[in-house]
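Peer 1: just to be clear, the model below is a prediction. Sequence and coordinates:
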Amino acid sequence: MAPACRHLFVVASVVLIIGISLNVYFFEKSLASPTWREDDRAIALHGGPLQDGRTNVTNVFGRSISYITPPLRECMTLPIGVLSGYAARRQEVRETWGKNKSSCVYFMVGKENGAWPEEEFRQEGDLVLLDMDEIYSGSNSSLPYKTWLWFYLAHQWFPEAMHVLKTDDDSYVYVDGLEAELTLARPDYWGSVHRAGKPFRDPTHKWYVSKSVWSEDVYPDYCNGGGYVLSRKALGCLLSKVKTQAYIPSEDVSIGAAMQTCRIEPNAHSID
């Protein structure tokens, strides 16, 4: 997520505020040790049946991505994917908002210095391990791959979920409030909306985007990467773009661009 897109989210008593006009469910401070179970369902993916704890392969932005999955957890309402590169932040999530019993939390994790946190993977059972380095900016950023892979897996794992959330390991999610909001609003693409953003054209900039990647001078409206939700309908359309979508280093912009081709507008609702 581009630094300019990161927002501070504050939860105060019962009233929630996101930015100026949006209810806040994300609080920019990292903060799930749920009970996991084995799931014997065979999940059909492009690369073949999903096998928990084994290497799987799928295609994202025309690139084959290898990844390892944990045992599946029964998810009552809201599946949550957390982009993470820090073990301490993941533990904070497990010990705080991730304890909510109606949701289920998975962490999307790459390699640090060429190695995965294998012990944590075995002990916690909530990591999806991607075979790529933890890089957060530039043309090699792992964030878009993590994000698209999370939505790809969530679509397959939780066919009855009405919505799926993507967030970061330095965000706090008020799960009950968010679920209530989604039940009332039933949005397809929900979050704190960034409008009329412009791509960085300076090749030395960490978020540089060339004309060949995005030819227009303005991005489509998109939900900021600190936390946003896609509906089942939006997921279905998103995954139809997974092999053809151009790689954009900013994962939130990448999703917004895909939603534009799906003719799905970002929106934000508040509870009166």
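Peer 2: The structure has been received and is ready for your questions. Residues are numbered from 1 along each chain as shown.
Peer 1: so what's Ala154 closest to, chain neighbours aside?
Peer 2: Distance criterion CB to CB, 6 or more residues apart in numbering; nearest residue to Ala154, sequence neighbours excluded, is Val164 at 4.4 Å. Yep, even glycine has a C-beta here, placed from its N, CA and C like the rest.
Peer 1: tell me where the model's unsure across the chain.
Peer 2: 1-54, 269-272 (pLDDT under 70).
Peer 1: run through the strands of it in chain order.
Peer 2: 10-12, 15-17, 26-27, 43-45, 48-50, 55-60, 63-68, 78-83, 103-111, 127-133, 163-168, 172-173, 189-194, 222-231 (DSSP state E).
Peer 1: if we can go back for a sec, the residue nearest to Ala154 against Gly81, yeah?
Peer 2: Yes - judged on CB atoms under 8 Å, Val164 makes contact with Gly81 at a distance of 7.2 Å.
Peer 1: common neighbours of the two, please.
Peer 2: Jointly contacting Val164 and Gly81 under the rule CB atoms under 8 Å, 6 or more residues apart in numbering are Trp150, Phe151, Ala154.
Peer 1: next up, the contacts around Leu143.
Peer 2: Met1, Leu83, Tyr136, Gly225, Pro249, Ser250, Glu251 are the contacts of Leu143 under CB under 8 Å, 6+ apart.
Peer 1: again with Tyr208
Peer 2: Gly138, Ser139, Phe200, Arg201, Asp202, Pro249.
Peer 1: how far away is the closest residue to Ala257 other than its chain neighbours from Asp126?
Peer 2: Counting by CB to CB, 6+ apart, Ala257 lies nearest to Pro220, which is 5.9 Å off, once chain neighbours are set aside. Relative to Asp126, Pro220 is positioned 33 Å away (CB to CB, to the nearest Å).
Peer 1: then Val93?
Peer 2: 9 Å.
Peer 1: repeat that for Val213.
Peer 2: From Val213 across to Asp126, the span is 33 Å (CB to CB).
Peer 1: which of those two has more residues huddled nearby?
Peer 2: Asp126 (24 against 14; other CB atoms under 10 Å).
Peer 1: from what I can see that one touches Pro71, true?
Peer 2: No - Asp126 is beyond contact range of Pro71, at 9.4 Å (criterion: CB under 8 Å).
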